[in-house]
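J.: could you look at this predicted model? Sequence included:
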There are 2 protein chains.
Amino acid sequence: MRPLFHPAIDDVRPEAILHALADPSRAAIFAKIMQAGCVEACSAVSAVGDRVIPKSSLSNHFKVLREAGLIRSERHGVEVRNHSRWIEVEARFPGLLAGIINAYALDQRHDLRAAETPTLDKDAI
Amino acid sequence: MRPLFHPAIDDVRPEAILHALADPSRAAIFAKIMQAGCVEACSAVSAVGDRVIPKSSLSNHFKVLREAGLIRSERHGVEVRNHSRWIEVEARFPGLLAGIINAYALDQRHDLRAAETPTLDKDAI
DNA sequence: GCCCATAGTTCGGAACTTCGGAACTAATGG
DNA sequence: CCATTAGTTCCGAAGTTCCGAACTATGGGC
């Protein structure tokens, strides 16, 4: 098993971060890692929302987050623990992660409200 | 020619915005539209950096930005004018766009510095 | 009206990415 | 040393992106 690769914070690119978090499952995983005291075994995230994510896809999601510079993964025996690199990323790109995580949180609340009130679709322009 | 589709601001999803701006060319186009008094014909962005972008790819980039809810495009005779929807998007997802545009700006300055000082690669962990 | 130029869009195929099941490896406990 | 648990790798199917060529739409000149 190849050792886990982590980019130096100076090699972290905004496009990689956006690409990583443009996937709602990955954004949810990342948000969870941050809340959960910055540590989380991969298997602790077997589902996102109501959707079950297969092992191989999960493994890939963690790889994308890791290589984007968003998380740091360490093998501890048979499992991998993931820490968010929030502080480093925030120092390099202030406000970026907060804006993204907040946007997803707002979007979710919005969806809930919409589900309660049966809506009449209306078009822009 | 099909009329240009614009999502209502309430239908704008964070993942679509991140996906649109995860491409550096698109992020550059969007940044340019914002600076340039919020109006820009497609053809005015024939190149990004030193790279020439073919017409068909450009057309597609504008479509992605439009459908993500980031810009509003209006046909004016033979050309299309693009306005940024910054104000609406900012109201819905405060800080999101500022964080992203700022991150790309910081990254670019960082690259310039790195090019001046010949570096010694160093690995993380 | 008819032709031309300009500005964008659509089509379609090649190259690339993502997804997920099956097979694999690595550490640990009995 | 076998079984179990945790995660990775492989690989084919499905989907996405890129870009050249062909197309459409608008406006101007005659």
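T.: Perfect, thanks for sending it.

J.: quick one: name the residues of chain A near DNA strand C.
T.: By CB under 7 Å from any atom of the strand, the part of chain A that sits against DNA strand C consists of A:1, A:19, A:23, A:53-57, A:60-61, A:75, A:77-78. C-betas here are computed from N, CA, C, even on glycine.

J.: could you redo the last one with a cut-off of 10 Å?
T.: Residues of chain A lying close to DNA strand C (CB under 10 Å from any atom of the strand) are A:1-2, A:19-20, A:22-26, A:51-61, A:63-64, A:75-79.

J.: are any of these buried, and which?
T.: Neighbour counting by 16 or more other CB atoms under 10 Å in any protein chain shown classes A:19-20, A:22-26, A:53, A:58, A:61, A:64 among these as buried.

J.: export those to a markdown table and tack on distance to B:Glu40?
T.: Supplementary listing: those in a markdown table, determined by distance: CB to CB, whole Å:
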| residue | distance to B:Glu40 |
| --- | --- |
| A:His19 | 25 |
| A:Ala20 | 29 |
| A:Ala22 | 24 |
| A:Asp23 | 30 |
| A:Pro24 | 30 |
| A:Ser25 | 34 |
| A:Arg26 | 32 |
| A:Ile53 | 40 |
| A:Leu58 | 41 |
| A:His61 | 36 |
| A:Val64 | 33 |
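
J.: which of these scores worst on pLDDT?
T.: Across the set of these, A:Ile53 stands lowest in pLDDT, at 92.

J.: next one: phi and psi at that one?
T.: Taking degrees, to the nearest 10, you get phi -100, psi 130 for the backbone angles of A:Ile53.

J.: quick one: contacts for it?
T.: By CB atoms under 8 Å, 6 or more residues apart in numbering or on different chains, A:Ile53 lies in contact with A:25, A:45-47, A:61.

J.: one more: A:Gly49?
T.: Here A:Gly49 is in contact with A:Ala28 (CB under 8 Å, 6+ apart).

J.: just the pLDDT for it.
T.: A:Gly49 carries a pLDDT score of 76 in this model.

J.: ok, now the one 5 residues further on?
T.: The per-residue pLDDT reported for A:Pro54 equals 93.

J.: try A:Val80
T.: 92.

J.: helix/strand/coil for the nearest residue to it once chain neighbours are set aside?
T.: Nearest in space to A:Val80, with sequence neighbours left out and distances taken as CB to CB, 6 or more residues apart in numbering or on different chains, is A:Ser73 at 5.1 Å. Recorded secondary structure, A:Ser73: strand (DSSP: H, G, I helix; E, B strand; the rest coil).

J.: and A:Ser73, what does it touch?
T.: Applying CB under 8 Å, 6+ apart, we find A:Ser73 in contact with A:4, A:6, A:62, A:66, A:80-83.

J.: most neighbours out of the residues you listed, which is it?
T.: Note: the member of the contacts of A:Ser73 with the most neighbours is A:Asn82, at 25 neighbours, neighbours being other CB atoms under 10 Å in any protein chain shown.

J.: packing partners for the helix or strand containing that one?
T.: When elements are assigned from DSSP states H and E, A:Asn82 belongs to strand A:79-84. Under the contact criterion of 3 or more CB pairs under 8 Å, 6 or more residues apart in numbering or on different chains; DSSP states H and E, strand A:79-84 touches helix A:24-35, helix A:55-67, strand A:71-76.

J.: chain center to the first one, what's the gap?
T.: The one in question is helix A:24-35. Relative to its parent chain, helix A:24-35 has a centroid offset of 4 Å by CA atoms, centre = their mean, to the nearest Å.

J.: buried stuff in that helix?
T.: Within helix A:24-35, the residues that count as buried by 16+ other CB under 10 Å are A:24-31, A:33-34.
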